[in-house]
Structures are given as C-alpha cells and as structure tokens.
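A.B. asks: Sequence first, predicted coordinates after that:
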Amino acid sequence: MIICISLVLMAVILFTLFKASQLTELKIETEITVNAALDSVFMLVADQRHFYKWSPFLYKNPQLKYEIKGAGAMVGTQLHWIGDETNRDIGYQEIIKLDSPLFISIKCDVKKPFTSQSVFNYTFSGNSRSATVKQSFEMKSSLRSAVFLWILGAKSDIETTNELGLELLRKVLEEP
C-alpha cells in the first residue's frame, strides 16, 4: 500500500514538474489594429506617464498605486507598482529600447506574488489613419515560480490580460 501511494505521489510530482518546466520560458504574441495615426499609437505606448490610460492591471485593480521614475518616453524610464497594503515596491517596468515610431522594448521585473522577469516587445506599422501593434511577451521564471504559475493557470490569465491591454489601448485611441 505504501509503495502504491509513493508511486502515485512520485507520478504527480513528476507530472507537475514537467508541466511547470514548460512555463520557465513563456512567449505569447498578440496583435491589434487601431484606427489612429501610427505616431499617436506609438507615443501612447512609449510614454510611461500615459500607461494608466490603457493598463490592464489598473483596469482590474483601480486602487493599485504606481510611481514613475524618469521622463515619460525615454530609455530608462521606470514605472513601479506599489503594493496596496504594504506600500512596498512589488515590481516595475522599464523602457530598455525605443526606435520611434517602430519599436519599443519594456522589461518587467515582478517581485510579488511570484518572481519573474519578462520583456514586452512592441512592433508598430501603419500610417496616418491606422496602426498595427504587435506585442511579443517573453517571460523567464524559476522552476519553483513556474510550478506556482502552472497550478494557477497563469498562462491563460497572462494571455487574457495582454489582450485586454491592447483592447484598452484601442479604446483610448478610437473613442473621443
């Protein structure tokens, strides 16, 4: 009996580790077309001072506090998320590359509820009437954090959150 329980437990642990190992490096791509000028779309994404307008995180949690360090649309500008109860920094995003109006790379460092490092790469194309935004999200996490991510079904949640962010971006730019 103990051997059977041990084998089942071992199988569950191995399965969990296998599934979690698929989340230590995660890549999700999302694309949207917006009825707005390419330059306007690019600047709304590039300027951290305007992130609150289309942030899916603030949409889901309007009480979330944040602080911007640096000048809006410049390499090195950071947006820090502050925990609700703790008033501690729970993560930040930083512009690491800008190529106006075609490309933005933003590094994210999450400290809570799990630790992960990710990068959002935005590629833009279009003209004075419409723009296409391609978002490529890449996340690296430890196997320990990946177990947590797998148990909570985080991949699906990340996909939904990224889609929501781009839909909010479109709404801000298309509605007067």
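C.D. replies: That came through fine. Residues are numbered from 1 along each chain as shown.
A.B. asks: Other residues contacting the lowest-mean-pLDDT helix or strand in the chain?
C.D. replies: Sorting the helices and strands of the chain by mean pLDDT, DSSP states H and E puts helix 2-21 at the bottom, at a mean of 75. Outside helix 2-21, the residues within contact range by C-beta atoms under 8 Å, 6 or more residues apart in numbering are Leu143, Ala146, Val147, Leu149, Trp150, Ile151. Backbone N, C-alpha and C define where each C-beta goes, glycine included.
A.B. asks: Following the chain onward from it, which element is next?
C.D. replies: Beyond helix 2-21 in the direction of the C-terminus, DSSP states H and E gives the next helix or strand as strand 25-34.
A.B. asks: ok, and for that following strand, which residues are buried?
C.D. replies: By neighbour count with 16 or more other C-beta atoms under 10 Å, strand 25-34 contains the buried residues Leu26, Ile28, Thr30, Ile32, Val34.
A.B. asks: what packs against that strand?
C.D. replies: strand 131-140, helix 154-174 (3 or more C-beta pairs under 8 Å, 6 or more residues apart in numbering; DSSP states H and E).
A.B. asks: Could you list every helix and strand in contact with the shortest one?
C.D. replies: Applying 3+ C-beta pairs under 8 Å, 6+ apart, one finds that strand 131-140 makes contact with strand 25-34, helix 38-46, strand 116-126, helix 154-174.
A.B. asks: redo that, cut-off 10 Å
C.D. replies: Strand 131-140 sits against strand 25-34, helix 38-46, strand 103-110, strand 116-126, helix 143-151, helix 154-174, with contacts defined as 3 or more C-beta pairs under 10 Å, 6 or more residues apart in numbering; DSSP states H and E.
A.B. asks: and if you look at the last one?
C.D. replies: With contacts taken as 3+ C-beta pairs under 10 Å, 6+ apart, helix 154-174 sits against strand 25-34, helix 38-46, helix 56-60, strand 116-126, strand 131-140, helix 143-151.
A.B. asks: Understood, closing this out.
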